[in-house]
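Peer 1: Sequence first, then the predicted structure, then my questions.
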Amino acid sequence: MNIQIENGIDRNTCDQLRTALKELLAPIESTGLSVEVGNIKYSSVNMKVSMEFFVKEGKEEQDKEMANRWLEATDAQFRVGDEFSDPGGTYVIKGYNSKARKFPVIIHNKEDGKDYKIDVHRVNQTIALNKIREQAKGQ
């Protein structure tokens, strides 16, 4: 751990500390726990570091459950894990960012492997169009 402190604590010092903490805590990942180094609040003489330790599988399930609650509250006709198709490819609903006002839904494109942000209304429309197309094929 090589942290340089020249004229007191500054942003650079915090960045160095974050990197050092991640390296120092890396062995914990093999135990089944995950570590997330959060905000670092600092002044010229002190730092406060926020860290979260969690069981990775439990955290993912908790995040999925919370995302589904938000989706339900926004009248979404889909849940995390659902798939839909449009001319751009096949997408999987990956999550929901409650802080994103315009595009809170996170989708994953199965073809190109990229994540995209989109609004609830657009996904609802696409799913509704897919259902209509399926019904039309069946007749």
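Peer 2: Ah, there it is. Numbers count the residues shown, from 1 in each chain.
Peer 1: Nearest spatial neighbour of N46, chain-adjacent residues omitted?
Peer 2: The shortest distance from N46 to any non-neighbouring residue, by CB to CB, 6 or more residues apart in numbering, is to I9 (7.0 Å). (C-beta placed from N, C-alpha, C; glycine too.)
Peer 1: For the one you found, grab phi and psi.
Peer 2: phi -80, psi 130 (degrees, to the nearest 10).
Peer 1: go on, V49?
Peer 2: Phi and psi for V49, reported as degrees, to the nearest 10, are phi -110, psi 130.
Peer 1: what number of residues lie near it?
Peer 2: Applying other CB atoms under 10 Å, we find 14 other residues in the vicinity of V49.
Peer 1: Contacts only, for it.
Peer 2: The contact partners of V49, taken as CB atoms under 8 Å, 6 or more residues apart in numbering, are 17, 21, 37-40.
Peer 1: Please convert those residues to TSV, extending it with pLDDT and neighbour count.
Peer 2: Formatted as TSV, the contacts of V49 follow (pLDDT from 0 to 100; neighbours: other CB atoms under 10 Å):
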residue	pLDDT	neighbour count
L17	89	19
L21	89	16
V37	89	16
G38	88	9
N39	91	10
I40	91	18
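Peer 1: Looking at these, which is nearest L71?
Peer 2: When the contacts of V49 are ranked by distance to L71 (CB to CB), G38 comes first, at 25.4 Å.
Peer 1: How is this structure divided into domains?
Peer 2: 11-57, 74-138 (automatic domain parsing).
Peer 1: just so I know, which of those domains lies nearest N2?
Peer 2: For those, proximity to N2 was assessed by CB to CB; domain 11-57 is nearest, at 7.7 Å.
Peer 1: What is the end-to-end distance of the closest one?
Peer 2: End-to-end distance of domain 11-57: 33 Å, with CA to CA, to the nearest Å as the criterion.
Peer 1: quick one: V35 is in a helix?
Peer 2: No - according to DSSP: H, G, I helix; E, B strand; the rest coil, the state of V35 is strand, so it is not within a helix.
Peer 1: Just the element for the residue lying closest to it once chain neighbours are set aside, please.
Peer 2: Closest residue to V35 apart from its sequence neighbours, by CB to CB, 6+ apart: L25 at 4.7 Å. Counting by DSSP states H and E, the element that carries L25 is helix 11-25.
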